[in-house]
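>>> next one to model:
(one chain, ligands or ions: 2)
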Amino acid sequence: MAKIIALANQKGGVGKTTTSINLSSALAKAGKKVLLVDADPQGNASSGVGVDKSTLEHDIYDVLVQDFPVQKAIMPSSTEGLDILPTTIQLSEAEVQLVDMPEREYRLSQALTKVQGKYDYVIIDNPPSLGLLTINSFTAADAVLIPVQTEFYALEGLGQLINTIELVRQGLNPELEMAGILLTMYDSRTNLAKQVSEQVRGYFEDRVYQTVIPRSVRLSEAPSYGQAIIDFDPKSTGARLYTEFAKEVIEQYG
Ligand code: ADP
Ligand code: MG
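Residues are numbered from 1 along each chain as shown. Ligands and ions are numbered 1, 2, ... in the order given. All right, here's what the predicted structure looks like:
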């Protein structure tokens with residue numbers, strides 16, 4: 001049965017999508033069967049693993065809103081062993097349409113139940129909000145993994161995020177836990193990055209992963225080639241550190 005991990009932070013630009021892509025592909029390289037679910041209408045996780053969104057016949061929108069069979073919307077990605085449930089911008093309509101639907105918070109959970117037996121990990125990339133799409137992810141997930149950018153205001157909004165996780169735990173999904181916090185875009189040349197990571201570790205202690213993802217141009221270039229860093233530039237620092245991070249996750253969840 002797959003471990004389902006939702007990547008979330010309502011702040012944009014903190015590394016959710018980059019981490020979703022590169023954690024998924026590193027887990028796949030480590031021999032795990034992995035499904036990446038793109039729950040952000042921007043669809044950057046989909047294009048980042050080689051999906052041509054202009055030719056997609058079905059996506060997560062059809063699954064969530066029209067009861068389309070999830071198996072038929074899943075496709076292979078550019079990384080071997082990694083499948084993707086892609087999205088298109090149409091998903092932005094789902095946030096509104098779901099409001100009036102029965103079991104609106106459970107639609108992703110119900111869909112994933114049908115494929116959970118096929119995978120070791122399901123990794124869900126989320127939009128930068130705490131709306132119904134993210135709530136669907138939290139309801140489906142075993143754990144929430146929070147990327148935090150090592151910049152000013154890193155902790156801003158984390159209280160609200162943790163509160164939302166707690167509310168979901170109390171109501172929709174009592175099993176939901178916090179996987180941990182991943183520090184991203186660390187710039188070792190600045191004191192600020194060091195101070196912020198100390199502050200986050202001081203506050204969240206052992207819930208912060210040991211691996212820290214550095215700021216790296218190669219990591220930001222890879223998506224435009226439709227490839228995870230591990231395929232795009234296997235010898236790069238980014239590839240090495242996302243591989244180490246995947247090891248930490250495997251130690252945690254098997
Ligand atoms: P989010 O999904 O939280 O909005 P992204 O993963 O899309 O964040 O990252 C925001 C931007 O920063 C993207 O342009 C991405 O390529 C870039 N980026 C992410 N992680 C890194 C990194 N470690 N080093 C350099 N650029 C990064
Ligand atoms: Mg994103």
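>>> closest residue of the stretch 151-254 of the chain to ligand 2?
Closest contact between the stretch 151-254 of the chain and ligand 2, by Cβ to the ion, is at residue 223 (10.3 Å). All C-beta spots, glycine's among them, are computed from the backbone N, C-alpha and C.
>>> spatially nearest residue to that residue (excluding sequence neighbours)?
Counting by Cβ to Cβ, 6 or more residues apart in numbering, residue 223 lies nearest to residue 48, which is 3.9 Å off, once chain neighbours are set aside.
>>> thinking the one you found is in contact with residue 229, fair?
No: using Cβ atoms under 8 Å, residue 48 makes no contact with residue 229, being 9.9 Å away.
>>> mind listing the shared neighbours of these two?
Counting by Cβ atoms under 8 Å, 6 or more residues apart in numbering, the residues touching both residue 48 and residue 229 are residue 222.
>>> can you verify my assumption that residue 19 contacts residue 148?
No: with contacts counted by Cβ under 8 Å, residue 19 stays clear of residue 148, the gap being 10.6 Å.
>>> in this protein, what residue is nearest ligand 2?
residue 17 (3.3 Å).
>>> and that residue, backbone torsions?
phi -70, psi -40 (degrees, to the nearest 10).
>>> for the chain, which segments are assigned as strands?
3-7, 34-38, 75-76, 82-85, 121-125, 143-149, 177-186, 208-214 (DSSP state E).
>>> include mean neighbour count when you put those into TSV, please.
Converted to TSV, these look like this (neighbours: other Cβ atoms under 10 Å):
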stretch	mean neighbour count
strand 3-7	25
strand 34-38	29
strand 75-76	15
strand 82-85	26
strand 121-125	28
strand 143-149	23
strand 177-186	20
strand 208-214	18
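>>> before we move on, the earlier item: can you report how many residues lie near the residue of the stretch 151-254 of the chain closest to ligand 2?
The number of residues packed near residue 223 is 21, by other Cβ atoms under 10 Å.
>>> contact partners for it?
Applying Cβ under 8 Å, 6+ apart, the residues near residue 223 are 17, 18, 21, 44, 47, 48.
>>> nearest residue to the third one other than its sequence neighbours?
In space, and not counting its chain neighbours, residue 21 is closest to residue 48: 4.6 Å by Cβ to Cβ, 6+ apart.
>>> try the fourth one
Setting aside the residues directly before and after it, residue 44 is nearest to residue 17 in space (Cβ to Cβ, 6+ apart), at 4.7 Å.
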